[in-house]
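build the 3D model from these lines:
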Amino acid sequence: MKKQSKLKILDTCLEISGLEQPLTLLQITDLHLINTDEQDGTEIQTLGRKYAEWFPFSNEILDEIGAYCKINHPDAIIFTGDTAGFPTRRNLQILQNFLDHQCSPYLFIFGNHERIFTLKDLQADIQKQYTQMYSFAFQKDSRIQVMELSGIRLIGIDNSNNQISSYQLERLKELFQDGIPCVLFFHVPMYLPGLLQPVLDTWKQPFLMGTPLSSVPDMNQELIPTASTQSFVELMTTHQTPVQAMFAGHIHFFDREDEFFPKKKQYVTPMSTTLDGCGLARLIRCIPCKKEK
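Predicted coordinates:
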């Protein structure tokens, strides 16, 4: 008997002016691969067993995603962070095998878990070392990556530290200058007023990018937005840009659509892995505007 897929697909349709032909994109977020082997020390293996209680089916769900892609052939896959739960050799092997053999063209964007076992790993030199371990997965500069398909531009931004750097902001402004329609992908959702309270109710902290300190005076230090992050939020919410939509993950239990600019939405996608083994991915169907058909 054929195994029935447990993969749930969230279907999102975007009408994009200037799109040359329909595109299908598959967003995968917060899969949290949790794999260790005998080469890992006792501390890491213990951590792996603990995490496996929270994400017990991530390998099986990755297999389901591969099977879905083999049948449906999305034009691109976008990984919006925390695909791996930590940087073990086995996790990297599984990820590289998937990207090499079961994956369409893709963008791989870092989340806050890919490059960390414990908080001591947040040191800059250790982060640089772990980043290079994923060099097979991302373009030359992981901070901002670009893919152009059928007249639109897909942009992946590493905001895994909850911030947009001044470099990323200026690079985005450069990419916006020619007016090509853009879709942004990143891990941590951008602050929007309607999203704040649900996140606080669940996590007690505003795990969002750009939350004003005036809205949550006791927020964790690393969440307080930098000047460039504040400028990014202002740019997205108060200026007409070629950005048509934004997609994020990170906060696990949310399936949200919130306008960041009139008729333009940020979509927050729930985590791909679940305790019951039913995976989840977002299918983004990009179609030309009706008036252009």
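
scan this structure for its longest helix.
Ranked by residue count, the top helix of the chain under DSSP state H comes out as helix 58-72.

just for the stretch 51-200 of the chain, where's the confidence low?
For the stretch 51-200 of the chain, no stretch is flagged by pLDDT under 70.

would you map the strands across it?
Taking DSSP state E, counting those that start in this stretch as the test, the strands found in the stretch 51-200 of the chain are 76-80, 106-109, 144-149, 152-157, 182-186.

with distance to residue 209 added, can I get those strands in a markdown table?
To be clear about C-beta, it is placed using only N, CA and C from the backbone, and glycine gets the same treatment. Shown next, in a markdown table, are the strands of the stretch 51-200 of the chain (distance: least, Cβ to Cβ, whole Å):
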| stretch | distance to residue 209 |
| --- | --- |
| strand 76-80 | 13 |
| strand 106-109 | 13 |
| strand 144-149 | 15 |
| strand 152-157 | 10 |
| strand 182-186 | 8 |
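
mind putting the ones you listed into a markdown table with mean neighbour count and distance to residue 247?
Converted to a markdown table, the strands of the stretch 51-200 of the chain look like this (neighbours: other Cβ atoms under 10 Å; distance: least, Cβ to Cβ, whole Å):
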| stretch | mean neighbour count | distance to residue 247 |
| --- | --- | --- |
| strand 76-80 | 24 | 6 |
| strand 106-109 | 24 | 10 |
| strand 144-149 | 17 | 14 |
| strand 152-157 | 24 | 10 |
| strand 182-186 | 24 | 5 |
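
quick one: what helix or strand has residue 283 in it?
Per DSSP states H and E: residue 283 is located in strand 280-288.

same for that strand, what does it pack against?
Packed against strand 280-288 by the contact rule (3 or more Cβ pairs under 8 Å, 6 or more residues apart in numbering; DSSP states H and E) you find strand 8-16, strand 23-28.

quick check: closest non-adjacent residue to the residue nearest the centre of the chain.
Centroid check for the chain by Cα atoms, centre = their mean gives residue 80 as the closest residue, at 1.5 Å. What sits nearest to residue 80 in space, not counting adjacent residues and going by Cβ to Cβ, 6 or more residues apart in numbering, is residue 29, at 4.3 Å.

would you list the helices and strands packed on strand 280-288 in CSV and tack on distance to residue 282, mean pLDDT and mean neighbour count?
Listed next are the helices and strands packed on strand 280-288 as CSV, based on distance: least, Cβ to Cβ, whole Å; pLDDT from 0 to 100; neighbours: other Cβ atoms under 10 Å:
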stretch, distance to residue 282, mean pLDDT, mean neighbour count
strand 8-16, 4, 96, 15
strand 23-28, 4, 97, 23
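
quick check: which of these is nearest to residue 289?
Of all the helices and strands packed on strand 280-288, strand 8-16 sits nearest to residue 289, with 4.8 Å by Cβ to Cβ.

relative to strand 182-186, how tilted is the closest one?
150 degrees (axes from the mean of the first three to the mean of the last three Cα atoms, to 10 degrees).

show me what strand 8-16 is in contact with.
With contact meaning Cβ atoms under 8 Å, 6 or more residues apart in numbering, strand 8-16 is reached by 68, 152, 181, 183, 244-245, 255, 267, 269, 278-290.

partners of that strand, with directions?
Here strand 8-16 is paired, per DSSP bridges, with strand 280-288 (parallel).
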